[in-house]
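Undergrad: Here is a sequence with its predicted model. Questions after.
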Amino acid sequence: MKFKPMDKASEAILTLKPVAFRYKQEIDPKSIPQFGLIAEEVEKVNPELVGRDEKGKAYSVRYDAVNAMLLNEFLKEHRKVEKLETSVARQQKRIETLTASLQKESAQIEASRPAPHMVNNP
């Protein structure tokens, strides 16, 4: 068995369109709402994500594989968020430093201005 990272292979699931549906009365008399994917649509995105009947026709979604791909995409996004949080924290620190410096400069400028009663009026 050879293992390799999933990398971009999981990006295919980002094009899937989840649906809500109900099975026919004879399958589910209670008509409980279901959520999932349409096997024929999944097959167009990635044929390896469907189970096939004896004639080779797509009849079910391999949710175990879809879940693994979802996890891969989640982990990729999580790493991006962590990098962004680090970047935002650095920027916030820089903003605070610049703000303090600006306030100091502004105070020095104010202190160096002559008092209004000391200005010569002609």
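TA: Right, received. Where do you want to start?
Undergrad: in which helix or strand would I find the spatially most central residue of the chain?
TA: The centroid of the chain falls nearest to Glu77 when counting by Cα atoms, centre = their mean (4.9 Å). For Glu77, the host element (DSSP states H and E) is helix 63-112.
Undergrad: what helices or strands is that helix leaning on?
TA: Using 3 or more Cβ pairs under 8 Å, 6 or more residues apart in numbering; DSSP states H and E, no helix or strand is in contact with helix 63-112. Placement of C-beta: from N, CA and C, glycine included.
Undergrad: roughly how far is that helix from the heart of the chain?
TA: Its chain's average C-alpha position is 16 Å from that of helix 63-112, according to Cα atoms, centre = their mean, to the nearest Å.
Undergrad: any idea how far Val88 lies from Glu43?
TA: Separation of Val88 from Glu43 (Cβ to Cβ, to the nearest Å): 41 Å.
Undergrad: of these two, who's got more company?
TA: The neighbour comparison of Val88 against Glu43 (other Cβ atoms under 10 Å) goes to Glu43, with 17 against 10.
Undergrad: The more buried one in helix, strand or coil?
TA: helix (DSSP: H, G, I helix; E, B strand; the rest coil).
Undergrad: thinking it is in contact with Ala58, fair?
TA: Yes. With contact defined as Cβ atoms under 8 Å, Glu43 and Ala58 form a contacting pair (4.2 Å).
Undergrad: any shared contact partners between these two?
TA: Val50 (Cβ atoms under 8 Å, 6 or more residues apart in numbering).
Undergrad: wait, what's in contact with Ala65?
TA: Applying Cβ under 8 Å, 6+ apart to Ala65 gives the contacts 48-49.
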